[in-house]
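[1] sharing a model prediction with you, sequence too.
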Amino acid sequence: MRFVLAEPKLLKDSIGVISDLVSDVRMKFDSDKMEIIAMDPANVAMVVYKLLSSSFVEYNVKNLETIVVSLDNLKQILSRSKPSDTIIFELDEKKNRLKIEFKGETSKHFTLSLLDTHEKDQKVPELKFTGIIELNTLLFNEAIDDMDIISDSIVFNLSKEGLLIESSGNISDARAHLIAMEGTNIVCDTGDVIKSKYSIEYLKKIAKGGKLANKVLIKFGDDYPLQVEYKIKDKLQLTTILAPRVSND
């Protein structure tokens, strides 16, 4: 297995976001993509990441390959890459290592030991969302930061007018109203306001995906899991599913 990436940012920034939620992950490689499906240790958030074969200048995966890596260690190695570098990955099956080479103004070589695990593959749940809105990532991130100074939880209210984000504390509260991005529609199947509460701690980690794209697709329902999706066409997709807070929290 060998693949060559000419845009280190695609993997470097993605791993930086994912590693805030999960540590050791399975990376699956097939003819179309590299994929990570992982659940955080508290079983609150699931990450689904796809880096498409079209993102690579060379992508040679003959059979389905699965490796298990420490994201913290991989992140440290990728942090040494420069934007102008080309990254070459090769699997050394005999030594059970992933060889990583940076080619640019200088040439650097690293090896990452692979892990053994007997954990079962994670399955992505089939969810049906009644509310969908596409937002500007910068505005979405600002709203999350605004709510963070008030409380440790946040309430999403979706209507045809947009997404109202609220947070309440003992002596103060805050709200921000976000409008869908131009050219996109708001889906609000219930006809009423769709409402659900989530952890700000997790949302702040998830919102770091905004460095990957300028649009974020938000999907949820009444007291229902939240799905946050960042996408670069023909390159990558980072999706996180977050469990709701119970209404009496």
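    Cool, got the structure.
[2] next one: L163 from F156, what distance?
    Going from L163 to F156 by Cβ to Cβ, to the nearest Å gives 6 Å. Heads up, the C-betas are built off the backbone N, CA and C, glycines and all.
[3] whoops, T137 was the one
    Taking Cβ to Cβ, one finds T137 at 16 Å from F156.
[4] what about the two, which has more around it?
    F156 (22 against 18; other Cβ atoms under 10 Å).
[5] surely the more buried one touches S167?
    No: contact criterion Cβ atoms under 8 Å: F156 and S167 do not qualify, at 10.7 Å.
[6] need the helices for this protein, in chain order.
    Secondary structure of the chain (DSSP state H): helices located at 8-18, 71-78, 137-148, 200-206.
[7] quick one: closest of the ones you listed to L178.
    helix 137-148 (5.8 Å; Cβ to Cβ).
[8] state the distance from D146 to K160.
    23 Å.
[9] who's more crowded, the two?
    Neighbours per residue, other Cβ under 10 Å: of D146 and K160, the larger number sits with D146, 15 against 11.
[10] next up, the contacts around that one.
    S167, A174, A176 (Cβ atoms under 8 Å, 6 or more residues apart in numbering).
[11] inside strands: which ones of those?
    S167, A174, A176 (DSSP state E).
[12] quick check: of these, which lies closest to C188?
    Looking across those and measuring by Cβ to Cβ, the closest to C188 is A176, at 18.1 Å.
[13] now the closest one, which residues is it bridged with?
    I165 (DSSP bridges).
[14] can you give me the neighbour number for G210?
    22.
[15] on that earlier part again, closest to M27 out of the helices of the chain?
    When the helices of the chain are compared (using Cβ to Cβ), the closest one is helix 71-78, at 9.1 Å.
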